[in-house]
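Asks: Next one to model:
(2 chains)
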Amino acid sequence: MQALGFILRRTLLLAVVLLVVSLLTFGIVNVLPGDVATAVLGDMATPEQAAALRERLGLDEPLAQRYLAWLTALLQGDFGTSLQHGQPIAPLLMGRLGNSAILGLLTLTIAAPLAVALGIVAALRPGGLLDRLIGAIAVGAYALPEYVIGLLAILAFSIWLPVLPGTSLMDPNENPLARPEALVLPVCVLITGMLAFISQITRASMIQVMASPYVRTAILKGVPFRRVVLKHALPNLLPPTITEIGMYLGYVIGGLVVVETLFSYAGLGQLVTNAVSYRDVPVIQATVLLVAAAYGIGNLLADVVALLLTPRLRA
Amino acid sequence: MSGAAPSARRLVPGIRPGDLPGAFIVLGMAVLVVLGPSLSPLSATEFDPLHALEPPSLAFPFGTDEFGRDVFSRVLTGARPTLLLAMAAAALGVMLGTVTGLAAGYLRGAADETIMRIMDALMSFPGLILAMLVVVMLGPAPINVIAAIALVFWPRSARLVRSITVDLATREFIEAARSRGESRRFILFRELLPNVLPIIVVDFSLRVTSGILLAASLAYLGIGVTPPTPAWGLMVKDGQQFIEIAPWLVIYPCLAIALASIGTVLLGERLRHRLALPGGGRMR
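Replies: Numbers count the residues shown, from 1 in each chain, chains lettered A, B, ... in the order given. Down below sits the predicted model:
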């Protein structure tokens, strides 16, 4: 019952967050100095061209009215029209969203358990050889931007030792799972970034849990060590770790944008970087909103899972 | 007066051997930022078609790019548009965060609510996406990239500073200052600020690392910098198409980015250790 109330409240909060995000996105695009018409046309545009575009995009209407019109259209599934392709944005976005989701979910399902396991192993003997090794790798993986790791991986595994494709270049409507070998490098790069952060977070909380009285009691009364770790410590470790993973999703999304661009993978990230170079403002605006929404929903899901796994509340 | 504060720590005790690797790298990078262009043996931007795409040699230690520009000179010159940007953004973001965090944490009530809800709203965007949107709308210029990255850091720093200030504000030395009749400004900046300073310093060091990563990622996506600026991220982006025939075009700028961010991570870790702050491995 308690859990249900929490989920309800949290969902309501998400709705508010989404509204605020839409307001902010709209605000950044329309209120910041530098107007949309100039952003689209570049500095070279004549005043007439700018005026014509403003007219076409309806930029001369009052701000509040435009926001409401945009929001109503959004709620009806109309994301506007791409300036670059001259097509409605919604179908464009949905295909890409699916592709990005495949990449992101693959990464999460492999990286999250692996990172937690590494963090636990590191925490069992803090300062030990394994801990220092994992820590050093984590610092390296954290300090390198995804594209640096990615390019090194491309050099190593598709140029010097040509075993994997160095690009996932594909038709946006193609199913990325049809060519699993093209997914290997992008997923590995994303996993590396995630491992760094989550293993260190897990390590820190695991050290705390292992030092707590109930764990020491369990060890002292002779419970086998493996059982202490898996049955006593882990259930208390998981909920906060999952919440952390939820908050970390923002970085995963940033990583997705970079990795998709690097490997020419037809996802949302590549769509938005393309839109940026064509100054396709409606597409940028729609993608940013969608990405922020995905982030918010991911956060909510992580919180709910964390709650459901909390031993105290499960009974 | 602030010396009587309970948790004031000395910021710079003696240097220990473990500090050296990070310190050396960061010092080296600082030298590059200041002197980079004048240390470069050749021009970072002038074309030299006769020497296009040459592999590393004595004349061109890091090789040349498709326009015959010396990659070594471009890497040296590129420190400024990459690192200075990151540092400025981190400084601006942490400064804004400190002021808002102090104010929200000390004033509480409606001001606190308003400030923190705005911060929450900013944090509901993934960082890179927010920075990207802002730079695209403001146009490509270093100052806009700084503003965009600072906007990403602002709410995160504000949250951190607020959480500490809320706790500090209940301490006796603040009560004492209030009963002495000190002004609000005095309490905020003379009593509270010195006590959050160690945390701000560590936060700043973390932000510099994230700033380098964010700035380099934006540049790699072609956002905020325009050719022929030799920003490292942009060099990687442009060099990527030649990766099979001229890998040095991506390897050296990648190494520069890696070295700079690893240096700041190492120094930041030492700083946090030294100031005995909790939260090991907090990489955000």
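Asks: The stretch 101-250 of chain B against chain A: which residues are in contact?
Replies: Residues of the stretch 101-250 of chain B lying near chain A by CB under 8 Å from any CB of the partner chain: B:120-122, B:124-129, B:132-134, B:136-139, B:209, B:213, B:216-217, B:220-223, B:233, B:236, B:240, B:243-244, B:247, B:250. C-beta coordinates here come from the backbone N, C-alpha and C atoms, glycine included.
Asks: Apply 7 Å and report the result again.
Replies: B:121, B:124-129, B:132-134, B:136-139, B:209, B:213, B:216-217, B:220-223, B:236, B:240, B:243-244, B:247, B:250 (CB under 7 Å from any CB of the partner chain).
Asks: So which of those belong to helices?
Replies: Counting by DSSP state H, these place B:121, B:127-129, B:132-134, B:136-138, B:209, B:213, B:216-217, B:220, B:236, B:250 in helices.
Asks: Drop anything exposed from the residues of the stretch 101-250 of chain B next to chain A.
Replies: B:121, B:124-129, B:132-134, B:136-139, B:209, B:213, B:216-217, B:220-223, B:236, B:240, B:243, B:247, B:250 (16 or more other CB atoms under 10 Å in any protein chain shown).
Asks: Which pLDDT does the model give the nearest residue to B:Ala258 once chain neighbours are set aside?
Replies: The shortest distance from B:Ala258 to any non-neighbouring residue, by CB to CB, 6 or more residues apart in numbering or on different chains, is to A:Leu144 (5.3 Å). Note for A:Leu144: predicted pLDDT of 87.
Asks: Now do A:Leu144: how many residues are near it, please.
Replies: 23 (other CB atoms under 10 Å in any protein chain shown).
Asks: Check the gap between it and A:Leu152 for me.
Replies: 8 Å (CB to CB, to the nearest Å).
Asks: Kindly report the same for A:Thr243.
Replies: Where A:Leu152 is concerned, A:Thr243 sits at a distance of 32 Å (CB to CB).
Asks: For stretch A:233-240, which residues meet the burial criterion?
Replies: Result for stretch A:233-240 [16+ other CB under 10 Å]: buried residues A:233, A:236-240.
Asks: could you point out where the chain is predicted with low confidence?
Replies: You didn't say which chain, so I picked chain A. A:1, A:32-36, A:38-39, A:42-44, A:172, A:311, A:313-315 (pLDDT under 70).
Asks: The chain in question should be chain B.
Replies: B:1-15, B:276-284.
Asks: Walking through it, point out its helices one by one.
Replies: B:20-39, B:71-79, B:85-107, B:109-123, B:127-138, B:142-168, B:172-179, B:184-186, B:193-220, B:232-239, B:248-274.
Asks: angle of the first one against helix B:193-220?
Replies: The one in question is helix B:20-39. 60 degrees (axes from the mean of the first three to the mean of the last three CA atoms, to 10 degrees).
Asks: So what touches helix B:20-39?
Replies: With contacts defined as CB atoms under 7 Å, 6 or more residues apart in numbering or on different chains, helix B:20-39 is touched by B:76-77, B:79-80, B:83-84, B:259-260, B:262-264, B:266-267, B:270.
Asks: and that helix, which residues are buried?
Replies: B:22, B:25-26, B:29, B:32-33, B:36-37.
Asks: Take the residues you listed and lay them out in a markdown table including distance to A:Ala178.
Replies: As requested, the buried residues of helix B:20-39 are exported to a markdown table (distance: CB to CB, whole Å):
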| residue | distance to A:Ala178 |
| --- | --- |
| B:Gly22 | 46 |
| B:Ile25 | 44 |
| B:Val26 | 47 |
| B:Met29 | 45 |
| B:Leu32 | 46 |
| B:Val33 | 47 |
| B:Gly36 | 47 |
| B:Pro37 | 49 |
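Asks: Can you say which two of those are spatially most distant?
Replies: B:Gly22 and B:Pro37 (25.1 Å; CB to CB).
Asks: and the gap between the residue in the stretch 51-200 of chain A that chain B sits nearest to and B:Pro21?
Replies: Taking CB to the nearest CB, chain B has its nearest neighbour within the stretch 51-200 of chain A at A:Gln200, 3.1 Å off. Using CB to CB, we find A:Gln200 at a distance of 19 Å from B:Pro21.
Asks: Might one say that the residue of the stretch 51-200 of chain A closest to chain B is in contact with A:Ala136?
Replies: No. The criterion here is CB atoms under 7 Å, and A:Gln200 misses it with A:Ala136 at 11.3 Å.
Asks: Centroid-nearest residue for chain A?
Replies: Centrality entry for chain A: nearest residue to the mean C-alpha point is A:Ile253, 2.6 Å, by CA atoms, centre = their mean.
Asks: Spatially nearest residue to it (excluding sequence neighbours)?
Replies: Using CB to CB, 6+ apart, the closest residue to A:Ile253 is B:Pro126 (4.2 Å).
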